Structures are given as structure tokens and as C-alpha cells.
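A.B. asks: let me see the structure of the following:
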Amino acid sequence: MALLLVVVQLDVIVDWTALGEGLRALAPGPAAVAWAVLACAGALDSRRFVAAELLGPRLDLVRRQPVSASAAGVPTALLLLILGAPVAAVAAVWYGPSDTIAMALWTLLGTGPALLLGAGRPLAAILVVGLAMSVVAIGQAWPAARLPALAAAVVGMLPLLGAGAMRLAPGGGTRAQRVGGRSTGVLTALVRRDVLALVRREPGTLAALGVVALLVGLVVRVARVNNAVHGMASVCAALLALAAVGPFVLAGAGAAARHAGRRFDPPEWPVLGRTRALALAATASVLLLPSWAAAAVGGAGALGPVAHLRVAALFAAMVTGAACLVAVRPRRPDHGVYPWWLGACLALTMAGSAWGPLAAAGLAGAALWGARAAIVRRRR
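C.D. replies: You can find the predicted model right below:
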């Protein structure tokens, strides 16, 4: 009764129409931060329920059945969507109750952090929140991008939610066993091995990447003076400088595969092709991350949230493209193809509309799929 009284009083006091117009006029950054606060608060509040009911032992019998990840993702998503009702309510205030696409997008993006926190994976939840914040920011900046973003989220998240509900539970088969006081997963072990090979065998390449990162930050910093003439000067400088690091990243990823030799991906290893492809992309990310950080520091104050999303889309396309080329030819990656890939990704991320960065993100997904296909084909 008290809650109903509060709701009635708020309806009398607050002008919801004016409040929604003011919220929709905000920059993408505040919208992404507001969604992150709501999603994290809801995930923390429901983590015990998710751990006990969705990931608890009551569903062990269901997990042992031959159920596909997509089929298991439907009831998992429905339950988590019910728990995300407060996020949907805030989205209704933000965009209006008639904008069901924005409400569904905000609520669906909050299901991933809720499942991961319930499974006791806070680092993975933080990563998912960061990726989802970029989607929310794109939807705030370009309303036309919400529908394709929702469609991509439905197609991509249903299998992931189903796989998480089936495997992230205690005894589900994906938790790493603790050996010698340390626990790790297959993906982490592969990335650690590749990076250690570079540290021991290619210290000059890593030092060159550090020097190049400083130059990237300097170029982006200097380009700030042209913002008064062209508003996208800093963005273009960051994209071009980051793309110039691409050949070094491909050389480093290829060196890691070359030094591994036959241990790079032996057919007898029980490692999924997508896991090996993700490990290659993660290794390339480690090599490109200093330059990305330098570009962010050099463009501090000049690069807005939308500009950072463009740079992030180029980052994802660069590392997955390098992973695909290394997967196709581990000993000698095709350095002649990579500049064309960089040029296509640059053209998309520099496009004025929201479809350019979204297309670059799609290219990143296609490159990752190509890397997996190349690894599976070579094993046969």
C-alpha cells in the first residue's frame, strides 16, 4: 500500500513527458552509465536467486539432456527478463512506453550480467557490461540502430544464455579444476602461452609496439588543434593511427604461432575451434591494447563516447582480422591481404552514420568465424 501511495504521488508531482524528453536529449555517455548502474544493481540483487534456482542442483537432470544451447536459452532469457523488470520500467520512462524496442533492448542486455554474477564470474560480468554499454550508447546516439541491435542481441544472446545456464552451474563441466593453488581456463592458458612466447622470443617486437603506442598518443594529441575546423579531426587521427599499428599486430600474432610450432594447435588437443580462434584474437588484443589506451589518453576531452565506439569497432575488426590470417596460415600470415582489410574497416568506421561501425563489428564477427573455420579445416 505504501509503495502504491508513492507511485500515485510521483505520478502527480513528476511531468513524465518532460522528463523523458530531457533524458532522450542527453549524450550517449549518461545513458550508458545509467543502464550500467541499473543492470549491475539488478544483477547484484538477484544473484542469489539465479545461483540457487537457475544454476542450482534442481536442474541437473535437465542439463544432462541433449538440449541445444538455443533451446535452453529461451526459458533462461524469459526468467532473467522477468528479473530485469525494473530496467524495463526505467527504459519506459526514458524513451516512452511506446518504444518497446528500447525497453526490450535494455532489458535483454541486462540478462548477461545477471547470469554471470549468479555464476560467480564478476570479471566476465564486467566485460559484458562494458560491451553492452557501447550498444546502449549507440542506441541513444542513433535511434535507428536500436532495432538491428535488438535483433543481433536476440540472435547472439539466446545461445550464450543457454550455454551459460547449462555449463556455468557447479559441476556443469566448465569450471576449471584447481591445481597447485591456481585455477585457469583453456582460453586463458592459450593466451598466456602465446604472450609468454612473445616475451621470451620477440622482445624487440614488444618494445617496438610500446614505442608505436607513444607515437599514436602523440598523433591524436596533436590532432586536437584541428577540431575547431573539423569536428572529427581527433576521431580520424585516432582511427588512422590505430590502423597504422595493424602490421605490427599481425607480425606479433604470427610470431607467436611460428614459435609455438606444432604446439600451436595440434589435432589431438581437445580444444574447440572457436576457443582457439578467440585465443588468437585475445593475443592480438594484448598487442594492440597499448596503442588503443594511448589513443584514448591523447584524445581525452576531445573524443566523445561515440568516437570511442568507433575506435572500439576498429579495434575489434583489426584483432579478429589478424587472428583469421594467422589461423589460415600460422607460419606465414598473408601480410598483403591485411592492408586491404584495414582499409575496408577504416572506411566503415569513418562513415558518418551508425551503420558504418555496426558493419565493422559485423566484419569482426565474420573474421572470427573465418578463423574458427580455418582451424577446424586444418585439423581434418
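
A.B. asks: from the contact counts, what lies against the helix or strand harbouring residue 295?
C.D. replies: For residue 295, the element it lies in under DSSP states H and E is helix 273-298. Counting contacts by 3 or more CB pairs under 8 Å, 6 or more residues apart in numbering; DSSP states H and E, helix 273-298 packs against helix 186-201, helix 203-222, helix 233-244, helix 246-260, helix 305-328, helix 355-379. Yep, even glycine has a C-beta here, placed from its N, CA and C like the rest.

A.B. asks: any chance of the ones you listed in CSV, plus mean pLDDT, distance to residue 159 and mean neighbour count?
C.D. replies: Formatted as CSV, the entries for the helices and strands packed on helix 273-298 read as follows, by pLDDT from 0 to 100; distance: least, CB to CB, whole Å; neighbours: other CB atoms under 10 Å:
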stretch, mean pLDDT, distance to residue 159, mean neighbour count
helix 186-201, 81, 18, 16
helix 203-222, 82, 35, 17
helix 233-244, 84, 31, 22
helix 246-260, 85, 27, 22
helix 305-328, 88, 19, 25
helix 355-379, 85, 13, 19
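
A.B. asks: mind putting these into CSV with distance to residue 154?
C.D. replies: Below are the helices and strands packed on helix 273-298 laid out as CSV (distance: least, CB to CB, whole Å):
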stretch, distance to residue 154
helix 186-201, 25
helix 203-222, 36
helix 233-244, 30
helix 246-260, 32
helix 305-328, 20
helix 355-379, 15
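
A.B. asks: and those helices: which comes nearest residue 48?
C.D. replies: Smallest distance to residue 48 across the helices and strands packed on helix 273-298 (CB to CB): 27.0 Å, for helix 186-201.

A.B. asks: that's a helix at residue 133, yeah?
C.D. replies: Yes: applying DSSP: H, G, I helix; E, B strand; the rest coil, one finds residue 133 inside a helix.

A.B. asks: how about it, what does it touch?
C.D. replies: 32-33, 35-36 (CB atoms under 8 Å, 6 or more residues apart in numbering).

A.B. asks: would you agree residue 144 falls within a strand?
C.D. replies: No: checked against three-state DSSP, residue 144 lies outside a strand; its state is helix.

A.B. asks: that one touches residue 150, doesn't it?
C.D. replies: No: using CB atoms under 8 Å, residue 144 is not in contact with residue 150; the gap is 11.9 Å.

A.B. asks: so which of these two has more stuff around it?
C.D. replies: residue 150 (21 against 11; other CB atoms under 10 Å).

A.B. asks: quick one, the helix or strand hosting that one and helix 355-379 angle?
C.D. replies: Using DSSP H and E, the element containing residue 150 is helix 146-167. Here the directions of helix 146-167 and helix 355-379 differ by 40 degrees (axes from the mean of the first three to the mean of the last three CA atoms, to 10 degrees).

A.B. asks: check which helices and strands helix 146-167 sits against.
C.D. replies: Against helix 146-167 (3+ CB pairs under 8 Å, 6+ apart) you get helix 69-83, helix 100-109, helix 111-118, helix 122-141.

A.B. asks: how about the contacts made by residue 235?
C.D. replies: 299, 303, 307, 310-311, 350.

A.B. asks: now those residues as TSV including distance to residue 343?
C.D. replies: Formatted as TSV, the contacts of residue 235 follow (distance: CB to CB, whole Å):
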residue	distance to residue 343
299	22
303	22
307	20
310	16
311	17
350	11
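
A.B. asks: which two in those are spaced the farthest apart?
C.D. replies: 299 and 350, at 15.0 Å, using CB to CB across the contacts of residue 235.

A.B. asks: and those two? Which one has more around it.
C.D. replies: residue 299 (26 against 17).

A.B. asks: got the contact list for that one?
C.D. replies: Contacts of residue 299 by CB under 8 Å, 6+ apart are 220-221, 223-224, 234-235, 237-238, 307.

A.B. asks: stretch 329-338 spans what distance, first to last residue?
C.D. replies: 13 Å (CA to CA, to the nearest Å).

A.B. asks: what's it in contact with?
C.D. replies: Residues contacting stretch 329-338 (CB under 8 Å, 6+ apart): 246-247, 250-251, 253-254, 257-258, 264-265, 321-322, 325-326, 328.

A.B. asks: what about stretch 94-110, how long is it end to end?
C.D. replies: Span of stretch 94-110 from end to end, CA to CA: 16 Å.

A.B. asks: what residues does it touch?
C.D. replies: So stretch 94-110 is contacted by 20, 23-24, 31, 34-35, 38-39, 42-43, 77, 80-81, 84-85, 87-88, 90-92, 132, 135-136, 139, 146-147, 149-150, 153-154, 157 (CB under 8 Å, 6+ apart).

A.B. asks: which among these end up buried?
C.D. replies: 20, 23, 31, 34-35, 38-39, 42-43, 77, 80-81, 84, 87-88, 90-92, 132, 135-136, 139, 146, 149-150, 153, 157 (16 or more other CB atoms under 10 Å).

A.B. asks: and of the contacts of residue 235, the nearest to residue 52?
C.D. replies: residue 311 (40.8 Å).
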